[in-house]
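1. I would like to see how this sequence folds:
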Amino acid sequence: MFVFSCSKPLIFFLKILLITEQYVSSTSVDLTQSALDYLLSQNHTNGIILHDFDFSDEEVIGYYIAFLKSLSFRVNEDTINFFYDEAQSSFPLYQRALRFFNHSETMVRIAVRTITLNIFKVRNVPCAMYVYACTSVPYFSHLTEEMRKTASAINDSICFHNRLVNRSRIEDLVAETSDHLHYIDDIFSLGIPDLTNVLFFILLQRLFLPLYVHSLTKRHLPNNSTNNYKGSSRGYFFHAVSMFLLSQVFTILHQPDLIRVLSEAILIGDLTLLCPAAQATSGEATGDVVAHLRAAHHGKRAVKMSPPGSRLAAFLRTIAGCGCQISSVENVQAASSTLDEDIAKCSLAIQDYSAVNNKSNISSDENQSGVPRDSSSPTSSSSSSDFASQIAVTPLAVPSPPQHDPSERNERPDEAHSQPSAGSGFSLTSKPFLRALFRSLEVGPGTDYDTFFALSLLIAIKQNGGEDEGTLALAQLHTPTQESPCNSMLITKLLDIISDAAKMGSRVRVATLNLALFLLVLITRDSSRVCQLTENQRQQVQATFMESHLLLHNLYMTEPDFGDIFEYEVCRFRSQGLSPSTLLENTAFLFNHVTDALKLSSYQSEGNLTETHKTPAMSPQHGGSLGGSPYATLPFTELEHIQRAVAVFLCLHGYLSTYIFPGTNGGGEPQNEVKPPALERVSALSSFGNIPTSGKVVVSVSDPIDIAAHQIFSCEIEHESGRTEKRYLIISDVQFILVEPSPRKIGWGTVTFAGLLQDTVLKMDATDCHSLSIIVYKPGERSGLTIARIITEAAGTNSVSSQVPTSSPPNVFPLMNAKLRFQNAIQCSTICTLVTQQSERIRASKQVKLRRLLNVQDKPQRPPVHATVLGASSGNRVEAFELRQPNHRADLDDLKRTRLLDMASRRLRTGALPPTNALRRTPASSPVILVAPVSPSLSTALDPSPKESGDKSTVKIQEIPMVDLSRKQTTEASAATSSE
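-> This next block holds a predicted model:
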């Protein structure tokens, strides 16, 4: 079947190639090893691989790459000789696959990476030497160049082009960067020392150190004319883009030596080390291939043998002694030759080098033994060890690495960067890159755009599995102890971010607050899983939480729909992936600072807002968060401000009750495995939103249920689609359950539908007294109807609704929308009354629990003046800002309300906290003046559940009685109906 003729039409080749691919793919099942050997021994396979096809046809290249990929899975120690010609140093399968490593089609690039990984795994000395000596330097250099191009495209799209229009392009570029890093991590995980050394060296020399790390200090946008990749030179990246790219590196890569050198460059690196004198640097990937191989070997060895704090300097000194140095960003030229040409040049250079060394070795051997010896290529079996030993020879200019015991790294680190004692201070002197990160943690008059990526990078560095305690101790990020605490300067900056986020009108997004709390817990947890915070730091955290608690208390007193808003936000908070790695994958954080800037500018004047949104290209998309996380942007409307305040409270409550003040909610996560808190583990939040009710038995679909233990009603269900079915109805204390009798066990049934009563809407059918209309929503989604109503009303009364970026109404889809038909009207009205009363009891119980959570003694009726933000001035006087009048709701638009929100925020920041007086209410004729309630203790605020010795009446209100209709009563009602 492998008889091939190049003169045949293309369609014939495609058929042959397709059959060959399918046939080779099934050899492991249908062919014995002998048959496979015979199939490959005729060399027709290499003939097909080397044929020059028209690869402009997508169908041809698709079949061709699939054919190569199928063959690569059959390459092993036994079949390698059928693909690799040791005498000619020819490897058609590998060489032709590398031609498509940067193809425009994603699937082709993925297939090429799979092929190369399959070939790297082969444990054959001549083949491995060919891959290492002749192809590793050019291939990894071109791969690094592709990563540089992708990163430059991301930087250009964010800095120079329209971010919102190019969102899909940015997403593709970010995905490609992630694919590159995952591929590199796969190569590292193979554990091949030679390939690891070369890839380690080229990444640091050409990309990570000169571009990613060096750009951390570039806070100003690069010049478009000088930084355009298509131009003659390429400059630095915008520092936020650099932090994002480095965060991806530390999140995906786990090679210990690479991670530790890169960490040292960020934590203690100096500009004099990473910025060599400008000189002409060859852009060709080959250069002196032997020098590159030597630098890779000895540079990696120097890093491994050096103690923490001196690895970066040892690496730079060693590669300089081998004739290499860090590439200068301004003078690196793009590779002008193709990968095939560079591989050919490297092969010739290796052969010339081997020939010269073999002549000297042959002459010395002949002088000693008198027997002539033939020279051979470096990739042959006889000379592989000789070439490896020649590469391992230390050049005279390379200083010998210090003899260091790795077991002493944590006990005796380098003297210049030793672990600090309890009384030692921390300085950012001569640490420009770490100073740039700390500066980004300051949320100024703008947005928290830089802060988000700085936190992401620090978290990625701390959580990377390749780090060691000695490297982290260089910036006091190690696991704290009593003798060696964590970085107090970093903790202070984190507490400032957290404190700022708790204020109304803050410019710290919920996602940024989550990262700040995550990092605070991560760097302060000791080996016993206790957060090492000083008393002052704990008091600051407590004060921040109580401020958020007070804000929600006031919103509860003034917002009539606060209960539904709170439940909706609980559901939304749980649905968001708030882990650092998940947030980093969301590309909305790369360009949502544009939306935030527009919102902030709109707070100043309505004219700015109108002018800004006249240009469709610069206007934020409808929905506020651009289709991404709702916590990716700052709030704008009044509803969004309330939702943000609830989300901040939930975030603080979760972290404090789980990690900082664990109490009874302490988590058992091991060290360095801190996770965003699960709200379902916080007892004070049970039954809110879609959090299950604690202590209540809840059944699911397909669960068996004992029908004899419940009161059942027979009904016919008519769905929206017109389909009808007969089921038994059970009303439990918290659920609406439909049951189908079990044919196997008498008295038992199978649950076919289960919904919560609190999410059920039941109405009598006006045209049929035997029918009920029922709508059951997903757990917690019924509150979305209130949110949709508020957004719709705000859009109808907003005078600039076409220009203000508002949130889209949530899409609420019911689990069931059907009609229930009963045998008689009494059963129908009984079920309607029962479900209605039970739902009201549940909602009343949740209101009691919410008031207890927010320390509210009573919720008054809707006041004549609606106060949304409580502002505190100096002294004991508390002012309430009148934000909207019931009779003049349309007279005060969102812009005016936003100005008042900003005023309240400034007063909250500058003024003292309100005094802890009792709650007082003013006469109905005057505006509502809200006074701070009695401030509860932190333990009460975190876990407000009533104790057994507390008020029993309050506990009784919360409990929901079990529904148990008397069978006798039901029988009498049915008999009465029959007699009528």
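
2. Could you chop this structure up by domain?
-> Following automatic domain parsing, one gets these domains for the chain: 429-685, 704-778+814-853, 866-940.

3. any weak-confidence spans in the stretch 451-600 of the chain?
-> Counting by pLDDT under 70, the ranges of the stretch 451-600 of the chain that qualify are 593-600.

4. ok, now the stretch 151-300 of the chain?
-> Within the stretch 151-300 of the chain, the segments meeting pLDDT under 70 span 160-165, 220-234, 275-287.

5. follow-up on the earlier one: switch the domains of the chain over to TSV; also include distance to Leu211.
-> C-betas here are computed from N, CA, C, even on glycine. Formatted as TSV, those follow (distance: least, CB to CB, whole Å):
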stretch	distance to Leu211
domain 429-685	13
domain 704-778+814-853	47
domain 866-940	39
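
6. Please identify the most buried of the ones you listed.
-> Burial of the domains of the chain is given as mean neighbour count (mean count of other CB atoms under 10 Å); domain 429-685 ranks first at a mean of 20.

7. Show me where the stretch 251-400 of the chain has its helices.
-> For the stretch 251-400 of the chain, the helices defined by DSSP state H, counting those that start in this stretch occupy 256-267, 271-274, 289-305, 311-321, 339-369, 381-391.

8. Please render these as a markdown table that adds mean neighbour count and distance to Leu472 to the earlier fields.
-> Shown next, in a markdown table, are the helices of the stretch 251-400 of the chain (neighbours: other CB atoms under 10 Å; distance: least, CB to CB, whole Å):
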| stretch | mean neighbour count | distance to Leu472 |
| --- | --- | --- |
| helix 256-267 | 23 | 8 |
| helix 271-274 | 14 | 20 |
| helix 289-305 | 23 | 17 |
| helix 311-321 | 23 | 13 |
| helix 339-369 | 16 | 38 |
| helix 381-391 | 16 | 33 |
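
9. who wins for proximity to Asn855 among those?
-> Distance to Asn855, taken as CB to CB, is lowest for helix 256-267 among the helices of the stretch 251-400 of the chain, at 43.7 Å.

10. Can you give the contact residues for that closest one?
-> 188, 200, 203-204, 208-209, 213, 216, 246, 249-250, 253, 273-274, 300, 303-304, 308-309, 311-312, 315, 431, 433-434, 437, 457, 461, 464, 466-468, 471-472, 474-475, 477 (CB atoms under 8 Å, 6 or more residues apart in numbering).

11. Who are the packing partners of the helix or strand encompassing Met489?
-> Here Met489 sits within helix 488-501, counting by DSSP states H and E. Where contact means 3 or more CB pairs under 8 Å, 6 or more residues apart in numbering; DSSP states H and E, helix 488-501 is packed against helix 432-440, helix 510-524, helix 535-558.

12. Now do the very next helix or strand once past the first one against helix 488-501, angle only.
-> I take that to be helix 432-440. Remark: after helix 432-440, the chain's next helix or strand is helix 449-463, criterion DSSP H and E. Taking axes from the mean of the first three to the mean of the last three CA atoms, to 10 degrees, one finds helix 449-463 and helix 488-501 inclined to each other by 130 degrees.

13. now helix 449-463 against helix 510-524, angle please.
-> Orientation check (the same axes, to 10 degrees): helix 449-463 against helix 510-524 gives 30 degrees.

14. Helix or strand next in line after helix 449-463, which one?
-> Next along from helix 449-463, by DSSP H and E: helix 469-472.

15. Can you list the helices and strands that that following helix packs against?
-> helix 256-267.

16. Pull the number of nearby residues for Thr792.
-> By other CB atoms under 10 Å, 11 other residues sit near Thr792.

17. Distance check, it against Ile565.
-> Counting by CB to CB, to the nearest Å, the gap from Thr792 to Ile565 is 15 Å.

18. want to throw the helices and strands packed on helix 488-501 into TSV with distance to Gly47?
-> Listed next are the helices and strands packed on helix 488-501 as TSV, based on distance: least, CB to CB, whole Å:
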stretch	distance to Gly47
helix 432-440	54
helix 510-524	57
helix 535-558	72
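
19. Compare those helices and report which one is nearest to Tyr63.
-> helix 510-524 (45.3 Å).

20. Could you check the angle that closest one makes with helix 535-558?
-> Using the same axes, to 10 degrees: helix 510-524 against helix 535-558 is 150 degrees.

21. quick thing: my sequence starts at 43, can you match it?
-> Got it, the first residue is 43 from now on, which makes the last one we talked about helix 552-566.

22. could you dump helix 552-566 to PDB, C-alpha only?
-> Output in PDB follows, covering the C-alpha atoms of helix 552-566 (Å, rounded to 0.1, in the frame of the first residue of the first chain):
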ATOM      1  CA  VAL A 552     -13.800  42.900  44.600                       C
ATOM      2  CA  ALA A 553     -11.400  40.700  42.600                       C
ATOM      3  CA  THR A 554      -8.400  42.800  43.800                       C
ATOM      4  CA  LEU A 555      -9.700  42.600  47.400                       C
ATOM      5  CA  ASN A 556      -9.900  38.800  47.100                       C
ATOM      6  CA  LEU A 557      -6.300  38.700  45.900                       C
ATOM      7  CA  ALA A 558      -5.100  41.000  48.700                       C
ATOM      8  CA  LEU A 559      -6.800  38.800  51.400                       C
ATOM      9  CA  PHE A 560      -5.500  35.600  49.700                       C
ATOM     10  CA  LEU A 561      -1.900  36.900  49.700                       C
ATOM     11  CA  LEU A 562      -2.200  38.200  53.300                       C
ATOM     12  CA  VAL A 563      -3.200  34.700  54.500                       C
ATOM     13  CA  LEU A 564      -0.600  33.100  52.300                       C
ATOM     14  CA  ILE A 565       2.400  35.000  53.600                       C
ATOM     15  CA  THR A 566       1.300  35.000  57.300                       C
END
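
23. All set now, cheers.
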